[in-house]
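Kindly generate the corresponding structure for this input.
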Amino acid sequence: MLATVLVAIGLVFHPVPAGGFEERPSVLASTPWWGPIHIAIAAGFVLIALGSLLMLVAGAELASVRLATLVALCWGAMTVGMIFFTGVALVNGWVMHFLTARGAPGTDPLLYDAFNRLLIGYGWLGNPLFLAGLTGLAAIEVQTRSSGMSAGLAWGGLVVAVLSWGRGVGSATGLYFLEPLIYANVPAFLWLGYYGYLSARK
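As a prediction, this is how the structure comes out:
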């Protein structure tokens, strides 16, 4: 649960995306806590990757082999997704603010653009995989309630998991009004932490 709380705290203070996947120098310059925000998120992502791996190895006690296989696939997708998506948070936390503070967008635009492209590449590799795993787990929980979660919380998890796709869909398609749905990730990560806790306890 610590992992998801770290991510949620970081996301609460995260500025709204500014129309697309690339990080804007103006947003970085006006967000002095950019580094700590993304370092907290990165630390949470690493712990989520570890927790997902442990859940994958532990397996799930479900009556249906098909559902158990789907749960394993979801935890595996989350593990791999978090490994790649941690790179987004790390580059943001340790590099992007540093480059902006030293004028790189103007004096060395190729370097700044290269890191932006690295962020986007890591994001495309990691975020959809993670969200697919999270949405899959939430959908299976609605169907089976295997963790013992209440029906309302199970459905709430599925709703926020689906809404969490909004930022990526908005940035990728130009429907930028969807980008504030990045904040749907806050309850989604907290739900994941609670789900993981219940599942591990069982």
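
can we go C-alpha only for contacts and neighbour counts from here?
Will do.

Point out the other helices and strands that the biggest helix by length in the chain packs with.
Counting residues, the longest helix in the chain under DSSP state H turns out to be helix 109-144. Applying 3 or more C-alpha pairs under 8 Å, 6 or more residues apart in numbering; DSSP states H and E, one finds that helix 109-144 contacts helix 65-91, helix 104-107, helix 151-163.

change it to 6 Å
Judged by 3 or more C-alpha pairs under 6 Å, 6 or more residues apart in numbering; DSSP states H and E, the packing partners of helix 109-144 are helix 65-91, helix 151-163.

ok and that helix relative to helix 65-91, angle-wise?
150 degrees (axes from the mean of the first three to the mean of the last three C-alpha atoms, to 10 degrees).

buried sites along helix 109-144?
Within helix 109-144, the residues scored as buried using 16 or more other C-alpha atoms under 10 Å are 112, 115-116, 118-142, 144.

Can you redo the helices and strands packed on helix 109-144 as a markdown table, where the extra columns are distance to residue 28 and mean neighbour count?
Shown next, in a markdown table, are the helices and strands packed on helix 109-144 (distance: least, C-alpha to C-alpha, whole Å; neighbours: other C-alpha atoms under 10 Å):
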| stretch | distance to residue 28 | mean neighbour count |
| --- | --- | --- |
| helix 65-91 | 13 | 22 |
| helix 151-163 | 25 | 19 |
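
Confidence-wise, which of those helices is weakest overall?
Of all those, mean pLDDT reaches its minimum on helix 65-91 (a mean of 93).

any idea which helix or strand comes after it?
For helix 65-91, the following helix or strand on the C-terminal side (DSSP states H and E) is helix 97-101.

quick one: buried residues of that next one?
97-100.

got those as JSON lines, with distance to residue 70 and pLDDT columns?
Shown next, in JSON lines, are the buried residues of helix 97-101 (distance: C-alpha to C-alpha, whole Å; pLDDT from 0 to 100):
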{"residue": "97", "distance to residue 70": "39", "pLDDT": "90"}
{"residue": "98", "distance to residue 70": "42", "pLDDT": "92"}
{"residue": "99", "distance to residue 70": "42", "pLDDT": "95"}
{"residue": "100", "distance to residue 70": "43", "pLDDT": "93"}
